[in-house]
Structure formats: C-alpha cells, structure tokens
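Chemist: here is a sequence with its predicted model. Questions after.
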Amino acid sequence: MADASNIESDLALARKVLDSHFGDAPKIGLVLGSGLSDLVDFFEGAKEVSYSELPGFIPSTVEGHKGTLVAGNLGGVPVVAMAGRNHLYEGHSAAAVVFPIRALIHWGIDSVVITNAAGGISSNLAEGDLMLISDHLNLTGRNPLVGENVDSLGPRFPDMSFAYDPELRKKAKEIGTKGGLDLKEGVYASNLGPSYETPAEVEMIDRMGADAVGMSTVLEVIAARHAGARVLGLSCITNLAAGKSKNVLSHDDVKDVANRVKGRMQHLVTEFVKAI
Ligand code: HPA
C-alpha cells in the first residue's frame, strides 16, 4: 500500500472505513507523540479503534505509542487523535509513515496539531518545557513526496514557507500567556533515529539553527502541507539533547517527563481546539 500508483484508492478505502467507524470527520486532528497519548482520556464520548482495524494504519512497535485512533469531544469540540504514530526508524517508508495523516485529511480534517517528544538544544530550553514549533529541519534524508506526484493530493513542489501556521501559533501563544504556561518557541530538527544523537551531532544541529531534536513530525508536516491542511507543531522537551547535560538518555525518562507535562499539554491543546 501507499505507493503513488494506488494511493488514491487506498485513501478512498480508508475514508470508507473511517466513515463506518466514526461517521463524519471532525475538523481537527491531533497526533500524540511519545508518552502524550493520555490526552485521549480527557475526550468526552470517546470512540477508539485500533490501527489494526484501519486500512493503511500500521500497529505501533514503540512503547509509549498506543496505536489507536480516538474520536471524541475535547472541551466540547469534536476532534480525532492518533494515539501513537509510526516512525521511519521502525523500518517504514516515508509514504507509509504519512499515510494516516493523509487519510485523516482525505476524510475531512483541515487542521492538525502534531506533538512530539524532543531533546532540548537551545540554552533557553529546560526539561519539561513545551515548545511551539516555528519551523523545521528535515535531517531524515527522506521526503514523503518523492516519486510521482499525486496531483489530486497536492502540488509537485509545495511551498514550506509557512509550514507551521503563523495564525495558529499566535492563538497558541495567547493561550500560553493567559494560562501561565511559559511556552517556548523554536526550530525542530528531525533525525532518522532510532539511536539518540552523539554530542557532536547535537553540536552540528545546534549550529544549523535547530532548538530541539527528535525523530518524527517533519514528514507528517510535509504531507499535511502538501494536502493543504494547517499545522500547529508542539514539542515536549523531555530531556536535554546529548552532551547538553551529564545525563544518559533513555526512552523511560522521555516517557516519564512527557507524563509529567501532560497536564499543561492538555490545557494548551484543549483551549486551542476551542479557540480555532
Ligand atoms: N533526541 C532525539 N529524539 C528525542 C530526544 C532526543 O534527545 N528526546 C526525545 N526524543
């Protein structure tokens, strides 16, 4: 599945199945990264379907990534959330990684909040901070749009000047200020993973202009912008990147910190979906 030749029929099938499970699409989608899936506990009237029941969605192999699609109301607003995502480092193609986001957009969402766990590089970021993504560096060496363009999805050469929607960021910042969330803002770089960076790599990425580093998000954002959806990107700074602290990095610590931050994340995302 998910090669250019049959992407349209794959998306049509996914849409049919989404319709049959959930009915009409909401306008807002959420992608919940490592340790952030618990946000769905706050949905009212939640309906949950495992990725294994959705064509083109791949069950997650990563601990902390649930692998279910959950629709419900958040703060009274209909939303759908991917509780867990697929990554290149699991061995999937770029096209497979972005299939779910494409399917949700094809189903009917027009805005998406994409979250992740990330290592802080900039000296103004601390463990536990929330960072609005202002822009990204795609260091994965992959792009989901490689191959024949599917014109019905979007243009051959989509513009990425405003990949992270300025208006949505402004709304999120207002909510952050009002709620005393001390929201940071910066550039997110994605590596292929799954090994964390070496300190030398972090130094390089720092000089390239990134504030935080992770292993996801950028491909989803490219696919979403290609398809014309608006994106808000949000990183949970779960650790300082390699070499920026004396600590050794572990996925358990990443999940623990994400877990500690989830109250603020929930407040921000709930107020945000109410505001747009
Ligand atoms: N590097 C890459 N990915 C990550 C990190 C990191 O330091 N923290 C959480 N995801």
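Modeler: Received it, and whenever you're ready, just let me know what you need. Just so you know, these numbers come straight off a predicted model, no measurement behind them.
Chemist: measure S93 to the ligand for me?
Modeler: S93 is 20 Å from the ligand, where distance means C-beta to the nearest ligand atom, to the nearest Å. Bear in mind the C-beta positions are built from the backbone N, C-alpha and C, glycine included.
Chemist: in contact with the residue in the chain positioned nearest to the ligand, which residues?
Modeler: The minimum distance from the chain to the ligand, using C-beta to the nearest ligand atom, falls at G119 (2.1 Å). The neighbourhood of G119, defined by C-beta atoms under 8 Å, 6 or more residues apart in numbering, consists of 196-197, 202, 212-214, 237-242, 244, 249.
Chemist: which of those residues count as buried?
Modeler: Among these, those buried by neighbour count (16 or more other C-beta atoms under 10 Å) are 196-197, 202, 212-214, 237-242, 244, 249.
Chemist: near the ligand, from those residues?
Modeler: Applying C-beta under 6 Å from any ligand atom to these, one finds that 196-197, 213-214, 238-239, 241, 249 fall near the ligand.
Chemist: what's the farthest-apart pair in those residues?
Modeler: The largest separation in those, counting by C-beta to C-beta, is between E197 and T238 at 13.9 Å.
Chemist: low-confidence ranges in the stretch 51-200 of the chain?
Modeler: Applying pLDDT under 70 to the stretch 51-200 of the chain flags the ranges 64-65.
Chemist: around the ligand, pick out the residues from it.
Modeler: By C-beta under 6 Å from any ligand atom, the residues of the stretch 51-200 of the chain that approach the ligand are 117-119, 196-197.
Chemist: all strands for the stretch 1-150 of the chain, in order.
Modeler: Applying DSSP state E, counting those that start in this stretch to the stretch 1-150 of the chain gives strands spanning 28-32, 44-50, 68-74, 77-83, 111-120, 130-138.
Chemist: K255 is nearest to which of those?
Modeler: That would be, of those and by C-beta to C-beta, strand 111-120, which comes in at 8.0 Å.
Chemist: would TSV of the contacts of G119 with distance to L36 and secondary structure be doable?
Modeler: Below are these laid out as TSV (distance: C-beta to C-beta, whole Å; DSSP: H, G, I helix; E, B strand; the rest coil):
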residue	distance to L36	secondary structure
Y196	19	coil
E197	21	coil
V202	23	helix
A212	15	strand
V213	17	strand
G214	12	strand
I237	12	strand
T238	10	strand
N239	15	strand
L240	19	strand
A241	19	coil
A242	22	coil
K244	22	coil
L249	18	coil
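Chemist: where is pLDDT lowest across the residues you listed?
Modeler: Lowest in pLDDT among the contacts of G119 is L249, which has 83.
Chemist: if I pick that one, what's in contact with it?
Modeler: Taking C-beta under 8 Å, 6+ apart, we find L249 in contact with 119, 196, 239, 242.
Chemist: that older thread, leaving out chain neighbours, which residue sits closest to the residue of the chain closest to the ligand?
Modeler: Distances taken as C-beta to C-beta, 6 or more residues apart in numbering put A241 closest to G119, at 3.4 Å, once the chain neighbours are dropped.
Chemist: how close does that neighbour get to V213?
Modeler: With distances taken as C-beta to C-beta, to the nearest Å, A241 is found 5 Å from V213.
Chemist: list residues touching both of these two?
Modeler: 119, 121, 197, 202, 205.
Chemist: who's the spatially most central residue of the chain bridged to?
Modeler: The C-alpha lying nearest the average C-alpha coordinate of the chain belongs to I114 (C-alpha atoms, centre = their mean; 3.0 Å). Residues in a beta bridge with I114, per DSSP bridges, are V31, G233.
Chemist: hang on, the residue nearest to G119 packs against V202?
Modeler: Yes - the criterion here is C-beta atoms under 8 Å, and A241 meets it with V202 at 4.4 Å.
Chemist: mutual contacts of these two, please.
Modeler: Common neighbours of A241 and V202, counting by C-beta under 8 Å, 6+ apart, are 119, 121, 213.
Chemist: list the contacts for the second one?
Modeler: Looking back up the chat, that one is I121. Counting by C-beta under 8 Å, 6+ apart, I121 makes contact with 202, 205-206, 210-213, 240-241, 244.
Chemist: rerun at 7 Å
Modeler: 202, 205-206, 210-213, 241, 244 (C-beta atoms under 7 Å, 6 or more residues apart in numbering).
Chemist: closest to R102 among the ones next to the ligand among the buried ones among the contacts of G119?
Modeler: R102 lies nearest to G214 out of those, by C-beta to C-beta, at 20.8 Å.
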